[in-house]
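# mind looking at a prediction? Sequence and model below.
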Amino acid sequence: MKNNDESGNLPIIFKAIKLPRKISYNNSYWITRGNKKFFFKYAKHKKEKNDNGFIIGELFVNELCKKLGVPCVDYHYAVNKVGRFEQRGVLSPSFLREHEKSITARKIKEQEIYSKFPKEMFLKIKLVYAALEPLLMYYEHGNIYFINHMLTALLDKNHPKQKRLPALFKNFITDNKSQLEELRIATEKEAFITTDEYIRRLTDFAKANGFKIEGNMRLDLQRMAIVDIITKQHDRHDGNVSLIYDEKKKTARLAPMYDNGLAGPFFAEKANFIYPDETLCYIKLTPNDLMSIADGNTQIGQFYQKVKSITKPELIKMGNFIQSLCVDDNLKRTGAATKRYGELYEREKDVEIWKEVYSNYTNGIKYLDKLIKANARENDLEK
């Protein structure tokens, strides 16, 4: 693995030993060099415009977090090159230390739900659903949100295939209707999860396993929420918030920000949503969080002032740095490769995109200020 220039700046060019493994929307896999592990995510290069946008999004949020002092996975622009074969994406070192493991907030919720309902029920739900939609069973990812999808179908009296179910399956639905409905509600996907709910899940898991929480989890979640808002992040679901724990030392801490690529305007088809209703997914700040942010004497209040102090030229400078990586002439290929990767440069070369980034940034601040003022008015009315 080597850097493209002597200064140690990106991009990194490497050769992967293992074949890629598809594990998410963007193709990604782990590689090992010596005793270190690195995670590589690369664009699938579909025909859609800006399929490479997540690369720019990851790099931009990474640079912004460095500027603000927010813990974030260190992403690097990288190319996996073996002969004529190329994959462009982002490479990041594992954020786990020796003896450490991680668990997502979603996985913790799954464990909580599985512990409240009989195991046999989940097996029967899958069996009945397979009779309704046998082909869709291949799309199961083993998470609670797919269980919710199955339950919604089972409890839908208007489902076109309900009448074809064997009597035994119909009886199962009828006899367990109230419990199935309870499980359906428990497995509903949450677009907005509050800092309080994240803290509850993560601390409950830590306490149940005898782990001592390190650091200030609430402060870290508050900073993460603010960064998500000012960058128009819409992928901060509960699978992208994790707890790191060490079973040997019996300690736990919040994982740094990761998977930040879906930040507008780098994905054009999703960049025009307006806060808050059309935002797909981000951490929701509570009234107490907003009070703390409004107080300039608190840590989060001082952080927010730092966010507001960043100027347009500073953001443009960050943007130019990232553009210089992704439009590097030394990495452009000729012939079919140039045509294949040309879409990456087409939008990212345009300076207007960084004006749009600044617009998102200032609109995010305006939105936060609006929330803070509304929260203050509500508190005054209660008094």
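Perfect, thanks for sending it. It should be emphasised that the depicted structure is a prediction, and the values quoted were computed from it without experimental measurement.
# flag the shaky bits of the stretch 151-300 of the chain, pLDDT-wise.
Across the stretch 151-300 of the chain, the stretches falling below the confidence threshold (pLDDT under 70) are 264-281.
# kindly recompute the last result at 80.
By pLDDT under 80, the weakly predicted segments of the stretch 151-300 of the chain are 161, 163-164, 190-191, 234, 264-282.
# now do the strands in it.
Listed in chain order, the strands found in the stretch 151-300 of the chain under DSSP state E, counting those that start in this stretch are 192-194, 212-213, 242-246, 251-254, 282-284.
# among those strands, which is nearest K81?
strand 242-246 (30.8 Å; CB to CB). Every residue, glycine included, has its C-beta placed from N, CA and C.
# Serialize the strands of the stretch 151-300 of the chain to a markdown table and add fields for distance to Q302.
Conversion of these to a markdown table gives the following (distance: least, CB to CB, whole Å):
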| stretch | distance to Q302 |
| --- | --- |
| strand 192-194 | 22 |
| strand 212-213 | 22 |
| strand 242-246 | 26 |
| strand 251-254 | 19 |
| strand 282-284 | 19 |
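# looking at those, which is nearest to D220?
Closest to D220 of these is strand 251-254 (CB to CB; 4.8 Å).
# strand partners (parallel or antiparallel) of that closest one?
When sheet partners are counted by DSSP bridges, strand 251-254 sits next to strand 212-213 (parallel), strand 242-246 (antiparallel).
# determine which stretch of the ones you listed is the most buried.
Mean neighbours per residue, mean count of other CB atoms under 10 Å, is largest over the strands paired with strand 251-254 for strand 242-246, with a mean of 22.
# among the strands of the stretch 151-300 of the chain, which is nearest A263?
Across these, the minimum distance to A263, taken as CB to CB, is reached by strand 282-284, at 10.5 Å.
# helices or strands up against the closest one?
Taking 3 or more CB pairs under 8 Å, 6 or more residues apart in numbering; DSSP states H and E as the contact definition, the neighbouring helices and strands of strand 282-284 are strand 192-194, helix 195-208, helix 217-230.
# Y114 is nearest to which of the strands of the stretch 151-300 of the chain?
Judging these by CB to CB, what sits closest to Y114 is strand 242-246, at 17.8 Å.
# on that earlier part again, which among the strands of the stretch 151-300 of the chain is found nearest to V79?
For the strands of the stretch 151-300 of the chain, proximity to V79 was assessed by CB to CB; strand 242-246 is nearest, at 27.6 Å.
# residues contacting that closest one, please?
Residues external to strand 242-246 that are found in contact with it (CB atoms under 8 Å, 6 or more residues apart in numbering): 95-97, 99-105, 108, 202, 205-206, 209, 211, 251-255, 258.
# pairing partners for the helix or strand where Q87 lies, with directions?
Taking DSSP states H and E as the definition, Q87 sits inside strand 85-93. Strand pairing for strand 85-93, determined by DSSP bridges: strand 36-42 (antiparallel), strand 76-82 (antiparallel).
# deepest-packed of the ones you listed, please.
Mean neighbour count (mean count of other CB under 10 Å) peaks for strand 76-82 among the strands paired with strand 85-93, with a mean of 20.
# so how far is that strand off the chain centroid?
From the chain centre to the centre of strand 76-82 is a distance of 22 Å (CA atoms, centre = their mean, to the nearest Å).
# relative to helix 217-230, how tilted is the longest helix belonging to the chain?
Ranked by residue count, the top helix of the chain under DSSP state H comes out as helix 352-382. Following axes from the mean of the first three to the mean of the last three CA atoms, to 10 degrees, one obtains 130 degrees for the angle between helix 352-382 and helix 217-230.
# residues contacting the residue nearest to R236 when sequence neighbours are not counted?
When the adjacent residues along the chain are set aside, R236 lies closest to Y282, with 4.6 Å between them (CB to CB, 6 or more residues apart in numbering). Listed by CB under 8 Å, 6+ apart, the contact set of Y282 reads F192, A225, D228, I229, Q233, H234, R236.
# how far away is Y282 from V227?
Relative to V227, Y282 is positioned 10 Å away (CB to CB, to the nearest Å).
# identify the contacts common to these two.
Q233.
# what about Q111, how many neighbours?
Summarising burial for Q111: neighbours were counted as other CB atoms under 10 Å, giving 16.
# about what we covered before: among the helices and strands packed on strand 282-284, which is nearest L68?
Using CB to CB and comparing those, the one that lies nearest L68 is helix 217-230, at 7.0 Å.
# remind me what the closest one packs against, helices and strands.
Of the remaining helices and strands, those touching helix 217-230 by 3+ CB pairs under 8 Å, 6+ apart are helix 53-68, helix 195-208, strand 251-254, strand 282-284, helix 287-294, helix 299-309, helix 352-382.
# now these as a markdown table including distance to I31?
Rendered in a markdown table, the data for those read as follows (distance: least, CB to CB, whole Å):
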| stretch | distance to I31 |
| --- | --- |
| helix 53-68 | 17 |
| helix 195-208 | 29 |
| strand 251-254 | 25 |
| strand 282-284 | 30 |
| helix 287-294 | 38 |
| helix 299-309 | 34 |
| helix 352-382 | 30 |
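# closest one to T174 among these?
Counting by CB to CB, T174 lies closest to helix 195-208 out of the helices and strands packed on helix 217-230; the figure is 33.4 Å.
# got the buried residues for that closest one?
Residues of helix 195-208 classed as buried: T195, E197, Y198, I199, R201, L202, F205, A206 (neighbour count, 16 or more other CB atoms under 10 Å).
# got the residues you listed as a markdown table, with distance to G215 columns?
Putting these into a markdown table (distance: CB to CB, whole Å) gives the following:
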| residue | distance to G215 |
| --- | --- |
| T195 | 14 |
| E197 | 19 |
| Y198 | 14 |
| I199 | 12 |
| R201 | 16 |
| L202 | 11 |
| F205 | 16 |
| A206 | 12 |
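# that older thread, filter the contacts of Y282 down to just the buried residues.
Listed as buried from the contacts of Y282 are A225, D228, I229, Q233, H234, R236; burial here means 16+ other CB under 10 Å.
# check the residues you listed and tell me the two furthest apart.
The widest separation within the buried ones among the contacts of Y282 (CB to CB) is 13.0 Å, between A225 and H234.
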